[in-house]
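> Everything below, folded, please.
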Amino acid sequence: MVREPSKSNERKKILLSYLKIITIISFSSLIIGCGGGGSSDSVSINEEASPPATVLTGTFIDSEVSNIAYSTETRNGFTNEKGEFEYLNNETITFSIGAIQLPSSRAKAVITPLDIVGTQLINNTTVLNIVRLLISLDQDDNPENGIQIDDQAHENAQGESVDFSSSDFANSVINIVANSGSSTTELKSAEAALRHITSTFNTRPVADAGHNQVLQAGVNSLDATLDGGDSYDQDEHPLEYHWELLSQPDCTLDSCPRAVLINPSSKTPTLSNMSETGYYVVSLVVNDGFHNSVNKAEVTLTLNKSFPQAASLFGSAVVFSALAIGLKRRRQKLIQLISLKEHNHV
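The predicted model follows:
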């Protein structure tokens, strides 16, 4: 008679099977983690997925250039009304109008024609030709308020190519400019391009109206010289000076002469005919030929009441000195008389 295995024995067998499986799995994991088989390569079991690259925003500036096509390794489109485009770090970007491509450059936060050409010289021929084309394609012919390229320019530039460094550049873009949808139909000159790019990258000057002054009123009205010589322009352009008398004291009489600025366009004008005591406030704005100064400088001239004139003070001193000498002499004579009387009495 065959004896059937008990339930407890079956459970032991199942438990032993599970233990063998767990041991094998644990041992295999240990071998993999330690580079089993002599291999020096480690294996990552729970490797996390790398985060997506950050999309950055840059701006194309020759004034803000809007509606120009751009492409990078991962992005493409047209710049918005602020001249902005998207890119990833370490990408290369190429701007284009129809089939006309500008030289490629590294994508970054701000890109200018100088960056595209790879130079710091604003009078570089290739730079000026790029600027000439861009300002010629501007819809409203006013690049100072931004450059807006019309869709028609992209359409008419299909199948075209331009060498911006060529001496024949102007002839190669005549038809493109004439049919670009811009309010101008002729290519702008190199001089106009140079002036525009200089204005775009120009640093605004700083005005300095000099130190405040304190003056003393006299019998006659006073003149004072102002000095704007400490005004400066970082780009070293010659400055134009614009002085203005902002305020002066009210008249204390029914009528009185008013102060005026003489030569208000010079570096050192004169504030003339100051007669009323009080504050005279003068402002200065300088211009470097492109922009007014970042500030309006002010200087205050204070005219105080007059002190006694020097001649009067001198005259009073003479009188007091004479009186003192006279008194001293009288005192000496009195002492002599007293001494003489005492001597005679003896």
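> these two touch, right, Lys267 and Gly229?
Yes: counting by C-beta atoms under 8 Å, Lys267 touches Gly229, with 5.8 Å between them. Placement of C-beta: from N, CA and C, glycine included.
> higher neighbour count, the two?
Under the criterion of other C-beta atoms under 10 Å, the comparison of Lys267 against Gly229 puts Lys267 first, with 16 against 11.
> and the more buried one, that's in a strand?
No: going by DSSP: H, G, I helix; E, B strand; the rest coil, the assignment for Lys267 is coil, not a strand.
> give me the low-pLDDT residue ranges for the stretch 101-250 of the chain?
Within the stretch 101-250 of the chain, the segments meeting pLDDT under 70 span 219-220.
> residue ranges for the strands of the stretch 101-250 of the chain, please.
With DSSP state E, counting those that start in this stretch as the criterion, the stretch 101-250 of the chain has strands at 105-106, 110-111, 147-148, 213-216, 222-225, 240-247.
> other SSEs contacting the first one?
This points to strand 105-106. Applying 3 or more C-beta pairs under 8 Å, 6 or more residues apart in numbering; DSSP states H and E, one finds that strand 105-106 contacts strand 92-97, helix 113-117.
> Skip the chain neighbours and tell me the closest residue to the spatially most central residue of the chain.
When C-alpha atoms, centre = their mean is applied to the chain, the residue found nearest the centroid is Thr203 (6.7 Å). Leaving aside its sequence neighbours, Thr203 sits nearest to Gln234 (C-beta to C-beta, 6 or more residues apart in numbering; 4.3 Å).
> Wait, Ala224 touches Thr270, no?
Yes: contact status for Ala224 versus Thr270: in contact at 7.0 Å, counting by C-beta under 8 Å.
> The protein: helices as residue ranges?
In the chain, the helices defined using DSSP state H lie at 7-33, 113-117, 125-136, 151-156, 169-172, 174-178, 190-200, 310-345.
> got the buried residues for the fifth one?
So that's helix 169-172. Using 16 or more other C-beta atoms under 10 Å as the test for burial, helix 169-172 gives Phe169, Ala170, Ser172.
> residue contacts, the last one?
The reference is to Ser172. Going by C-beta atoms under 8 Å, 6 or more residues apart in numbering, Ser172 touches Val162, Asp163, Ser166.
> Please report phi then psi for the second one.
It stands for Asp163. Backbone torsions of Asp163, given as degrees, to the nearest 10, read phi -100, psi 110.
> isn't it right next to Phe169, touching?
Yes: under the criterion of C-beta under 8 Å, Asp163 makes contact with Phe169 at 6.7 Å.
> tell me which residues of stretch 264-273 are tucked away?
Pro264, Lys267, Pro269, Thr270, Leu271, Ser272, Asn273.
> For Leu133, give its distance to Asp288.
Distance, Leu133 to Asp288, using C-beta to C-beta, to the nearest Å: 27 Å.
> no, scratch that, I was asking about Gln234
As judged by C-beta to C-beta, Gln234 and Asp288 stand 9 Å apart.
> For those two, indicate the residue with more neighbours.
Using other C-beta under 10 Å as the criterion, Gln234 and Asp288 rank with Asp288 on top: 22 against 11.
> can you list the domains in this structure?
The chain resolves into domains spanning 56-200, 213-304 when parsed by automatic domain parsing.
> so which of those is the most packed in?
Of the domains of the chain, the one with the most neighbours on average (mean count of other C-beta atoms under 10 Å) is domain 56-200, at a mean of 18.
> what about that domain, how long is it end to end?
24 Å (C-alpha to C-alpha, to the nearest Å).
> follow-up on the earlier one: which one, of the strands of the stretch 101-250 of the chain, ends up nearest to Ser71?
Closest approach to Ser71 among the strands of the stretch 101-250 of the chain (C-beta to C-beta): strand 105-106, 12.4 Å.
> partners of that closest one in the sheet?
Applying DSSP bridges, strand 105-106 is found paired with strand 92-97 (antiparallel).
> Can I get the partner strand as PDB, trimmed to CA atoms?
Output of strand 92-97 as PDB, limited to C-alpha atoms (Å, rounded to 0.1, in the frame of the first residue of the first chain):
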ATOM      1  CA  THR A  92      23.700  77.400 -34.800                       C
ATOM      2  CA  ILE A  93      21.200  79.800 -36.300                       C
ATOM      3  CA  THR A  94      20.600  81.000 -39.900                       C
ATOM      4  CA  PHE A  95      18.300  83.900 -40.800                       C
ATOM      5  CA  SER A  96      16.800  84.100 -44.300                       C
ATOM      6  CA  ILE A  97      14.500  86.100 -46.500                       C
END
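> what is the mean pLDDT for it?
Mean pLDDT, computed over strand 92-97, is 98.
> what does stretch 293-311 give?
Taken as a whole, stretch 293-311 has a mean pLDDT of 82.
> contacting residues around Asp141?
Ser182, Ser183, Thr184.
> which residue packs closest to the last one, ignoring adjacent ones?
Same thing as Thr184. Asp141 (4.6 Å).
> Could you list everything His242 pairs with in the sheet?
His242 forms beta bridges with Val285, as assigned by DSSP bridges.
> how much space is there between it and Leu271?
In this structure, His242 and Leu271 are 15 Å apart, going by C-beta to C-beta.
> For Asp140, see how far away the residue lying closest to Ile61 once chain neighbours are set aside is.
Nearest residue to Ile61 in three dimensions, chain neighbours excluded: Thr112, at 5.4 Å (C-beta to C-beta, 6+ apart). Applying C-beta to C-beta, the value for Thr112 to Asp140 is 21 Å.
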